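Trainee: quick one: sequence plus predicted model below, questions after.
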Amino acid sequence: MVDTANAGKPFVRFESVQKSYDGEILVVKNLNLDIAEGEFLTMLGPSGSGKTTCLMMLAGFETATHGQIYLGDQPINNVPPHKRGIGMVFQNYALFPHMTVSENLAFPLEVRKMSKAEIESRVQRALDMVELGAFGSRMPAQLSGGQQQRVAVARALVFDPKLVLMDEPLGALDKQLREQMQYEIKHIHENLGVTVVYVTHDQSEALTMSDRIAVFNDGVIQQLSTPDDLYERPENSFVAQFIGENNKLQGTIKGRENGNCVVELVNGKSVEALAVNVGESSDRTTLSIRPERVEINPPAGKVPNIIGGKIEELIYLGDHIRTRMSVPGNDEFIVKVPNTAGHTLLNEGETAEVGWATEDCRALDPIDVA
Amino acid sequence: MADIAAQPFQAAEQDGPVLAADGRPLKASLARALRRQRLRAFMLVAPLLFFILITFAAPIADMLFRSVENQIVPDTLPRTVLALQTWNPDSGELPSEAVFEAMVADLKDAREAKTHTRVGQRLNYESPGISSLFRKSGRGVRRIEEGPYKEALIDVDDGWAEIDTWRTIAQFSGNYTDGYFLAALDMERTPEGEVTILPDEDRIYLFLFGRTFVLSIMITLSTLLLGYPVAYLLATLPLRTSNLLMILVLLPFWTSLLVRTSSWIVLLQQQGVINDFLVTLGLIADDNRLQLIFNQTGTVVAMTHILLPFMILPLFSVMKTIPPSYMRAAKSMGANDWTAFWRVYFPNTLPGIGAGAILVFILSIGYYITPELVGGTSGTFISNRIAYHISSSLNWGLAAALGVILLGSVLLLYWIYDRIVGIDNVKLG
């Protein structure tokens, strides 16, 4: 993987880019983003968050209303799409149905006026790369969804672009195939060292494949960091909620010291949390705790924060037991109890205590609970 | 349990037909089960089927049959036809006395039944002049009481002394004839029985067929050129705008054909809007106005307008299914706008072009009203000639033959198209 912090000059650069379709609403509000050469960057967000618009601006199919996009050193706002030399994989593959697989792959090479022999060898190499060497003479409609997807990937790479954009390319595949393709795309990226900008709304896809993830919401990048950072150290409630499973507790700040803060929950009980994204005393906050970091009935003195609750529902999931509890201020409080030897047996309807370490509980910006 | 599960497979491996549970062949069993369903489906379409058979298919078949039918000659002149069988047309001599006697008897009967003018008219198509011969002889034959009939009949009209007259009768004495088809292709059978093509100045129908085809191709091409961009806009504009545009495309459908054609007369005639405008601009002189209508130009212009929706709608329905990502993919791979269009978008619209072109071509090749109104003499189609033979000259046999040729050539084109493009690739909507 590429160390993005030390990559030096950015390869792709969005500089205060704004985009509006109707002159009233900004779909992309003020985007500043640097992408390093060879990086796999994912734009992740719910639909309508502006991620696809950003990709389309980079590809040249939309023009930025304000700001500038750079590719290498070149500002590319006024460069038409076909001169940008960016490979692209589309959601529904966009394979040309009237051409065979080989003809599809040869298309970008033909428009570049390469020699017949060169085209042939490159097409075969690209087909071999996606393990479809024998399928060159088939029509796209004769291939399965996964095979079509591989052809689409090969076609986006066959002309050796420096940058490849992927717009939810796995959206149409079933779950198993999707996971398999995630690894394949990741390996191709690692082998070729090409820069990839990937758009998806599937967070597990983003976590699997990316060097860095830009979480989009409401036209703004909420957080841009590595997958583990994003999951373990979310900077705001949206990211905490969007990435992975999350328990939230509403509270009010009572005091701050050494990067920690004391938060009073709705039932008047106080807990300690990491002060990540909070205001001063008496401001409201939302605490974020991952379900696997919570312990049910912890031994005395093990964790500093303990609140009482009631077990509402137990779901047996093999490796763990998913426990839904009601605690003050949240009756959808999820705890994952590992199915280890000799774990505590729980029953629905029982009361139990839940506890967690202070560093696993992050005090973030308040969100309104419906 | 394993035994039970294995049984069906064993059954399938047996030789011979697969049997149902009761021992009968599975296919028969299936057909029986579906029979009720089929019968119900048939009952649902039966009323329309019978209606179409009675009011559409049967009259057309009857009409087309007239192109070869020649019953009137053997029916009206039965004795003559029989007697003529012994006569050798190549002998260079008039038929025998027996033939003349038979003719006199036939003419007397025909005179009674008032059918002698009709048979004369029929034979007149093949040999001009026979019509008046029969009319005159019908009057004169009453006076012939006894033989020798040869002299008596020639006395009534000396047309009977010409061998060609008898040759024509002998030639067209059968129940069926190819005469109408020969006439429809500007050919004729000489009295000697050979098929020859008419001299240049007498050819009408080949020329008309040719003109119909050429003009139809021109109309098809111009609807394609005008319709393609409109269909593209319809398929790509935002829904609100494209709906408005669709209404504009469909508007002509809701307007009477006659109104639309007449409005072209208003626009294109020599004292019409377009000529007035050009004169006002000074582009043409007032005494040198353009002849835009009552010729081929008028036919092409008016029919292009009228048939345009038949091109746009199939094109639109195909273009709507082409995802915009195809063009984007092509451009991302380095194709400029034209290459992306020509190599990716255009090939995907071919089924629509095929459907629209077939539809427009078949419609225009048989079009009648518009060429009749705006075609003048140089812009009329074969259909106008067919209508003339149906309603004015009353030569239905020839009209039927022309119709058969028109229908046949459309079917032939359709077949060729199917071989080349494939009818499965055509999307009409």
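Mentor: Alright, I've got the coordinates.
Trainee: what is the neighbour count of B:Phe100?
Mentor: For B:Phe100, the number of neighbouring residues by other Cβ atoms under 10 Å in any protein chain shown comes to 24. From N, CA and C alone the C-beta is placed, and that goes for glycine too.
Trainee: ok, B:Arg36 next?
Mentor: A total of 9 residues lie near B:Arg36 under the criterion other Cβ under 10 Å.
Trainee: how close does it sit to B:Phe42?
Mentor: Spatial separation of B:Arg36 from B:Phe42 under the definition Cβ to Cβ, to the nearest Å is 11 Å.
Trainee: and for A:Arg324?
Mentor: 60 Å.
Trainee: grab the nearest non-local neighbour of residue 357.
Mentor: Using chain A. With Cβ to Cβ, 6 or more residues apart in numbering or on different chains as the criterion, A:Ala357 has its nearest non-adjacent residue at 5.4 Å, and that residue is A:Val303.
Trainee: try chain B instead
Mentor: Nearest residue to B:Ala357, sequence neighbours excluded (Cβ to Cβ, 6+ apart): B:Thr220, at 5.2 Å.
Trainee: buried ones in stretch A:89-103?
Mentor: Of the residues in stretch A:89-103, A:89-96, A:99-103 count as buried by neighbour count, 16 or more other Cβ atoms under 10 Å in any protein chain shown.
Trainee: the residues you listed: which ones sit near chain B?
Mentor: Among the buried residues of stretch A:89-103, proximity to chain B is found for A:90-92, A:94, A:96 (Cβ under 8 Å from any Cβ of the partner chain).
Trainee: so what does A:Pro366 have for phi and psi?
Mentor: As for A:Pro366, its main-chain torsions (degrees, to the nearest 10) stand at phi -70, psi 140.
Trainee: wait, A:Thr340
Mentor: With angles defined as degrees, to the nearest 10, A:Thr340 sits at phi -90, psi 160.
Trainee: okay, buried residues for the helix or strand that contains B:Val45 please.
Mentor: B:Val45 is part of helix B:26-52 when elements are defined by DSSP states H and E. By neighbour count, with 16+ other Cβ under 10 Å as the criterion, the buried positions of helix B:26-52 are B:Ser29.
Trainee: wait, B:Ile154 sits on B:Trp166?
Mentor: No. Using Cβ atoms under 8 Å as the test, B:Ile154 is too far from B:Trp166 to be in contact (11.7 Å).
Trainee: quick one, which of these two is more surrounded?
Mentor: Set side by side, B:Ile154 and B:Trp166 give different neighbour counts by other Cβ under 10 Å, the larger being at B:Trp166 (22 against 15).
Trainee: for the more buried one, report the pLDDT, please.
Mentor: pLDDT recorded at B:Trp166 is 89.
Trainee: any idea how the chain splits into domains?
Mentor: Picking chain A for this. Per automatic domain parsing, the domain ranges recorded for chain A read A:4-237, A:245-364.
Trainee: can you look at chain B instead?
Mentor: Under the assignment named as automatic domain parsing, the residue ranges that make up the domains of chain B are B:2-65, B:72-177, B:205-425.
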